[in-house]
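> got a structure for you, letters missing:
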């Protein structure tokens, strides 16, 4: 068998090919840098923030309502706390909220969708109709209701958002499973006598990771936005927690005079959501190449 | 032998595709000519560049990533590649038509066959493209309805009135392919480019389509470039065959001549690979189609060729006329040996 | 008769579809009797929609038959399930049509070939590595392919991996579902040669599902011609090619795109079929082939012909040879 192993390895591998495509798109690079910046800020908040103690219950009445200046680039609030420091600490809460909410959503939604898609029949009917019921209620309304019922605090708002989020993942996993199930390798595995649980978890699940990663990265922004909305409506984190939505809500009473109180947390939300969106789009291209 | 100028003449066509690893040299010096009323088959395996050749003629290559590096493509004496876009489109839409491989994706699923055919008939009639022509509902007083029925009769579709009111999904694969052939005849083309039109069909259906194409060629005095991987189909349909390997024409001859006494080692290997009804031994060709970014030096087939000589890796062989219409691009047939080779021919095919 | 490794009687397979509120029954296989001798290659041929792949999957017990019985080495397997079925899986394997779709793109070749070993035996990783290397040798693939992913392989190489996977459990019977139809001819020839060698080497029995009669002629001992889920004709390969009886078989043979002149002489005179194969959800009342048959008679429209032995080992379902059947 001459030349059978002749395939030269002169080509770039899939990963570097995908990375190339990713780096060729300036928007996804911007997205990636925005997200990395936010993560960096969140991790090193105590070292970056000029007045770390202001994130909590500090009071400096002599500095209250200072407009942005060199000493306080984002100004100060009604008790003289540095807004920049509070926004920086707010990134911790928002990112944590996003990650936790989506982890719960993925952990509930994906197994259910996989189960429904692969096993079909009555399992499918029950799971997917339940999903439909959840999807028929607008997610913010559902989250509001749950949050109001459980009592307003950060933990409950995360539970509330996850509650309205998992059906999307059940749907995604269901659709992907139906698609992958049609591939001949699933039939091949069945004919080899491999157990169905093994096929579902080890053969089908890995084939939907790229779609999942893209959706998660796009959704992180929206989950953060929803968290901030709940905070804004007073159903999320409670003062003095420097949550971005809560900060906007508090600053709102002093508009338009003290514009910096709401504007800077708002910008922080904007930048984060934008970052995750651009990154998600970039990742979609990234995985498209890998599949080719 | 015809002495007149061919209707289509491609000279030294080279098309590269830009990739991140470098240029993929997909076509590297292709020469093809088609005479009036002639059916020419372009035969090759997956990835040999035969579809790219067809698309280049039709001007439907995506540029970029593709780029035409060199070469000319004369249609009725005019070089299509040097014309500007509008002029080229004008010539192509008036003279050349296309029958695609997949009849499903080539028809719009949300319009009936009638709507799609009438739009095309009107477009050819008035030369007015765009939304209006396409959205225009058909009215039966218009003679284009009659023309559509006439066309469907031509491709032997039973009860054409009924078919015109159907959607593409309601037709079988063979029926859709007949509709597409009917549509390709609308503009009274002089050249038909068919890209594996029967590959997706069953053999019994394929047979009918081949016979239909054969008949239309005679009736309409069409010239055809028939792209296929199936030598059996080429035998049934074509007057002449071009064999393509890795972006090069390696051999061309009259159909029976080429199949009965192939000269190029690749053509020989290809024919030997086909399981025969006679039960004679068949064997494949070792190796796989080369990498287009770093193609083998010299003859692109030499790493897989069991008759390769030193020269093969150094110099690219030219397509040499060995006999009448039989040309081959292979170093083992250099000028001196030509005569002896023809005498030996029987051993080669045996 | 004892030499039959696999025997099936009265196999029916219906699929029930109830989309858009309309209930349709797709009758893919309609009462098929078939027997495969040990070390023989049985070819099932037919066009798309003939039910040949469905029949193959029923015999493999990937699908459960709607009706009918299957015996493997004398043991009935048509209704077994669970661990008992798993035990039979060791003896019967399948090679699939699309080499790309039949290999999980996220798994390395090692994981793909060793999966059946993992499912059936308690082998250490080292033992499995050893066995996978052995199997790669058997299908003429280099050992260093073990850590590659399927998309780094050509179509022919992928199909070799598919064959290696089917061999992993030392099966007795392999169902080959159009194993070369997605490949180029030069590669197809290599794969067919490999299959022939492996058959000798491992005493295998093949059920070869194909639409390509040139391939079938060269590889099979016996041919079953199917149309709309019915067997129309079955006989030894020689018989089918030399003395085809059924008009459909003749039409199939005449449609083979032949390459050489000698081949042309072998196939019957020109027959071009009109129309298409009807949908398996609306099978005609009489002979399934009635709508396209060139030699049809009045009886064929009303009554369904039975399958009849015409001579030793040659069965045909056609009223042309069953003058009494219509009465």
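Nice, I can see it. Since the model is a prediction, treat every value here as computed from it, not as a measurement.

> Am I right that residue C:108 is in contact with residue C:145?
No: the pair residue C:108 / residue C:145 is not scored as a contact, 9.2 Å apart, by C-beta atoms under 8 Å. Backbone N, C-alpha and C define where each C-beta goes, glycine included.

> Between the two, which is the more surrounded one?
A count of neighbours by other C-beta atoms under 10 Å in any protein chain shown puts residue C:145 above the other of residue C:108 and residue C:145, at 25 against 16.

> Closest approach to chain B from chain C, which residue is it?
residue C:257 (2.7 Å; C-beta to the nearest C-beta).

> isn't that residue right next to residue B:237, touching?
No: at 9.2 Å, residue C:257 does not count as touching residue B:237 under the criterion of C-beta under 8 Å.

> So for those two, which sits in the more crowded spot?
Taking other C-beta under 10 Å, residue C:257 and residue B:237 do not tie; residue B:237 has more neighbours (25 against 22).

> how about residue A:237, phi and psi?
For residue A:237, the backbone dihedrals (degrees, to the nearest 10) come out as phi -60, psi 140.

> Does stretch C:137-149 reach chain A?
Yes: using C-beta under 8 Å from any C-beta of the partner chain, stretch C:137-149 comes into contact with chain A via C:140-142, C:144-145.

> any idea which of those is least confident?
The lowest pLDDT within those belongs to residue C:144, which sits at 88.

> Now for the residues of stretch C:137-149 next to chain A: which two are most distant?
The distance between the two most remote of these (C-beta to C-beta) is 13.6 Å, for C:140 and C:144.

> any chance you could map the helices in chain B?
All helices of chain B, identified by DSSP state H, fall at B:50-58, B:85-95, B:113-126, B:131-135, B:143-154, B:160-164, B:173-184, B:203-220, B:231-237, B:255-260, B:265-273, B:338-349.

> Which of the ones you listed sits closest to chain C?
Across the helices of chain B, closest to chain C is helix B:231-237 (C-beta to the nearest C-beta), at 2.7 Å.

> hang on, residue A:123 in a helix?
Yes: Residue A:123: assigned to a helix according to DSSP: H, G, I helix; E, B strand; the rest coil.

> what about it, how many residues close to it?
Other residues within reach of residue A:123, judged by other C-beta under 10 Å, total 14.

> got the residues of the stretch 151-292 of chain A near chain C?
A:183-185, A:187-195, A:198, A:203, A:206-207, A:291.

> Kindly write the PyMOL command that selects the buried subset of these.
Under the burial definition 16 or more other C-beta atoms under 10 Å in any protein chain shown, those of these that qualify are selected in PyMOL by:
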select buried, chain A and resi 183+184+185+187+188+189+190+191+192+193+194+203+207
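
> Can you pull the residues of chain B lying near chain A?
B:20-21, B:286-288, B:291, B:293-294, B:303-304.

> try it again with 10 Å
By C-beta under 10 Å from any C-beta of the partner chain, the residues of chain B that approach chain A are B:19-22, B:286-288, B:290-291, B:293-294, B:296, B:303-304, B:306.

> could you flag which of these are buried?
Using 16+ other C-beta under 10 Å as the burial test, these include B:286-288, B:290-291, B:293, B:296, B:303-304 as buried.

> Pull the most distant pair out of those residues.
Farthest apart among these by C-beta to C-beta are B:286 and B:293. That separation is 21.6 Å.

> re the thing from before, now intersect the residues of chain B next to chain A with the strands, please.
B:19, B:22 (DSSP state E).

> So which of the residues of chain B next to chain A is the closest to chain C?
Once C-beta to the nearest C-beta is applied, the member of the residues of chain B next to chain A that ends up nearest chain C is residue B:288, at 4.7 Å.

> Sticking with residue A:15, tell me its helix or strand.
helix A:14-24 (DSSP states H and E).

> about what we covered before: give the residues shared as contacts by residue C:257 and residue B:237.
B:198, B:210, B:228, B:230 (C-beta atoms under 10 Å, 6 or more residues apart in numbering or on different chains).

> how many other residues sit next to the second one?
Here the neighbour count serves as a burial measure; for residue B:210 (other C-beta under 10 Å) it reads 21.

> And it, what's its pLDDT?
With respect to pLDDT, residue B:210 scores 88.

> Isn't it up against residue B:199?
No: counting by C-beta atoms under 10 Å, residue B:210 does not reach residue B:199; the two are 12.0 Å apart.

> tell me, what's touching these two both at once?
Looking at what touches both residue B:210 and residue B:199 (by C-beta under 10 Å, 6+ apart), the common residues are residue B:233.

> pLDDT-wise, which helix or strand of the chain ranks last?
Going with chain A. Scoring the helices and strands of chain A by mean pLDDT, DSSP states H and E places helix A:14-24 at the bottom, with a mean of 73.

> You answered for a different chain; I wanted chain C.
Min over SSEs of chain C, mean pLDDT, DSSP H and E: helix C:261-266 (a mean of 79).

> Mind checking if that one is in reach of chain B?
Yes: contact of helix C:261-266 with chain B (C-beta under 10 Å from any C-beta) involves C:261-266.

> quick one: contacts of that helix?
Taking C-beta under 10 Å, 6+ apart as the rule, helix C:261-266 contacts B:232, B:235, B:256, B:259-260, B:274, B:276-280, C:214, C:217, C:241-242, C:253, C:256-258.

> now do 6 Å
By C-beta atoms under 6 Å, 6 or more residues apart in numbering or on different chains, the residues outside helix C:261-266 that reach it are B:276-278, C:258.

> do the same with stretch A:95-113
Residues outside stretch A:95-113 that contact it (C-beta under 6 Å, 6+ apart): A:42, A:127, A:158, A:161-162, A:165-166, A:169-170, A:173-174, A:216, A:219-220, A:223-224, A:227.

> Quick check: the gap between the nearest residue to residue A:92 once chain neighbours are set aside and residue C:27.
Using C-beta to C-beta, 6 or more residues apart in numbering or on different chains and skipping residues adjacent in sequence, the residue nearest residue A:92 is residue A:42, 4.6 Å away. For residue A:42, the distance to residue C:27 equals 62 Å [C-beta to C-beta, to the nearest Å].

> Of the two, which one has the most company?
Neighbours were counted for residue A:42 and for residue C:27 using other C-beta under 10 Å; residue C:27 has more, 22 against 19.

> so where's chain B uncertain?
Scanning chain B for pLDDT under 70 picks out B:1-4, B:125-142, B:335-350.

> Next to chain B in this structure, residues from the stretch 151-292 of chain A, please.
Neighbours of chain B within the stretch 151-292 of chain A, by C-beta under 6 Å from any C-beta of the partner chain: none found.

> which sections of the stretch 151-292 of chain A are below the confidence cut-off?
Scanning the stretch 151-292 of chain A for pLDDT under 70 picks out A:288-292.

> tell me the phi and psi of residue 277?
In the absence of a named chain, this looks at chain A. Here is the backbone geometry of residue A:277 (degrees, to the nearest 10): phi -60, psi -50.

> wrong one, chain B
The phi/psi pair for residue B:277 (degrees, to the nearest 10) is phi -70, psi -20.
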